[in-house]
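Asker: what follows is a predicted structure for the sequence shown.
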Amino acid sequence: MSDIRNPDSHVASAGSRTRKTASRAIAPVRNFMLESAYPAFCEGLAVVGRPLLLSRAEDMTSQTATRSCLILAPHPDDETLGCGATIMRKLAAGTPVQVVIAADGRHWYQSGKLSFDVLNEIREQEARRACTILGLPCENITFLRFEDCRLADHRGLLRDRLFDIFDTMNPEEIFVSSIIDNHPDHRVLAELGRELAQARRDRFPVLYEYPIWFWDPRILRVARLLELRPQIVRTEEFRTRKREAIAAYRSQVTNSIDETRRAPLRRGFLRQFLQAEEIFFEISRDNSSRRLKEPGSV
Ligand SMILES: [Zn+2]
């Protein structure tokens, strides 16, 4: 309805109608760009960029197998995608492994039917199943259950929990998501991983970051890539079981709920985690103590 006190209101209404019509017209294009074209571009970047990283990577497969470790995952599935074969290799060597999953994953899908509690339970059950396939006992997984996408709001509490878990376990290595990942939770956990390694430097934990939402030009810069010190762990005989563990995250890799149009994680995205090696970036103590740069800066 137009406003009779404003003689220009009919013009404004006509303008707003035109904008709405235009917005409706471009919606399919925008959806295509967001849901298909841009993710496909990032996947292509991974196909090109991964071999470049590998060309200057060091192989730490044998050294890492016997070092106890704490795996910090922002969400259920990151531990398996980023470190699945490394976890299996350590367990095969009888090395202690603990996994901590910081957020609950409740926002993986905006369901019209399922509550947050149900969505959470689905993700946790999948994490237990995936870790069982990796050979990790369920008692070695800690779910901290902070709200998905809101880790920054709980930074202090999260830091305290991570320090407590580290002090109880005293691992030789910490694995955490990459600070360059294009996901706020992944970056917050990476920052806390660096704080933790720095604060406990007298105990010499080696800190590694693993890439997940990494090949994204909105965050990634060539200069940052060149700063990284890539290391690999060969997946070899553990690759098939890693594939099975990833498949245990049914809600993420299939269209498991009637309401969804497609699986949240695309096949092209998953492909980078099923390769002959897992990639890690060793973070030097200098880097851990340095004031962290803003995401996107070089
Ligand atoms: Zn994640």
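Answerer: Received the coordinates, thanks.

Asker: can we go C-alpha only for contacts and neighbour counts from here?
Answerer: Noted.

Asker: low-confidence regions, this protein specifically.
Answerer: 1-34, 258-261, 285-298 (pLDDT under 70).

Asker: what ranges does it have for its helices?
Answerer: Ranges of helices within the chain are 9-32, 38-54, 61-65, 78-92, 116-134, 155-169, 184-199, 222-227, 239-247, 250-253, 267-271, 285-289, based on DSSP state H.

Asker: tell me which of those helices lies nearest to V206.
Answerer: helix 184-199 (7.3 Å; CA to CA).

Asker: helix 78-92 and that closest one, what's the angle between them?
Answerer: 40 degrees (axes from the mean of the first three to the mean of the last three CA atoms, to 10 degrees).

Asker: the inter-axis angle of helix 184-199 versus helix 155-169?
Answerer: Using the same axes, to 10 degrees: helix 184-199 against helix 155-169 is 50 degrees.

Asker: any idea how far helix 184-199 is from the chain center?
Answerer: On the basis of CA atoms, centre = their mean, to the nearest Å, helix 184-199 sits 13 Å off its chain's mean C-alpha point.

Asker: what sits up against that helix?
Answerer: Residues from elsewhere that reach helix 184-199 (CA atoms under 8 Å, 6 or more residues apart in numbering): 72-74, 148-152, 155, 159, 162-163, 174, 176-181, 204-207, 209, 283, 285, 287-289, 292.

Asker: just name the most buried of the helices of the chain.
Answerer: Highest mean neighbour count of the helices of the chain: helix 78-92, a mean of 24 (counted as mean count of other CA atoms under 10 Å).

Asker: so what does it touch, helix or strand wise?
Answerer: Other elements packing on helix 78-92 under the criterion 3 or more CA pairs under 8 Å, 6 or more residues apart in numbering; DSSP states H and E are helix 61-65, strand 69-73, strand 97-103, helix 116-134, strand 230-234, helix 239-247, strand 277-283.

Asker: rerun that using 7 Å as the cut-off
Answerer: helix 239-247 (3 or more CA pairs under 7 Å, 6 or more residues apart in numbering; DSSP states H and E).

Asker: show residues contacting the helix it packs on.
Answerer: With contact meaning CA atoms under 7 Å, 6 or more residues apart in numbering, helix 239-247 is reached by T80, L81, G84, A85, A130, I133, L134, V253, L274.

Asker: any chance of the helices of the chain in CSV, plus distance to D104?
Answerer: Output for those, formatted as CSV (distance: least, CA to CA, whole Å):
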stretch, distance to D104
helix 9-32, 27
helix 38-54, 24
helix 61-65, 29
helix 78-92, 12
helix 116-134, 6
helix 155-169, 13
helix 184-199, 11
helix 222-227, 30
helix 239-247, 17
helix 250-253, 14
helix 267-271, 21
helix 285-289, 26
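
Asker: quick one: closest of these to I141.
Answerer: Once the helices of the chain are compared by CA to CA, helix 116-134 is nearest, at 7.9 Å.

Asker: got the angle for the closest one vs helix 78-92?
Answerer: 30 degrees.
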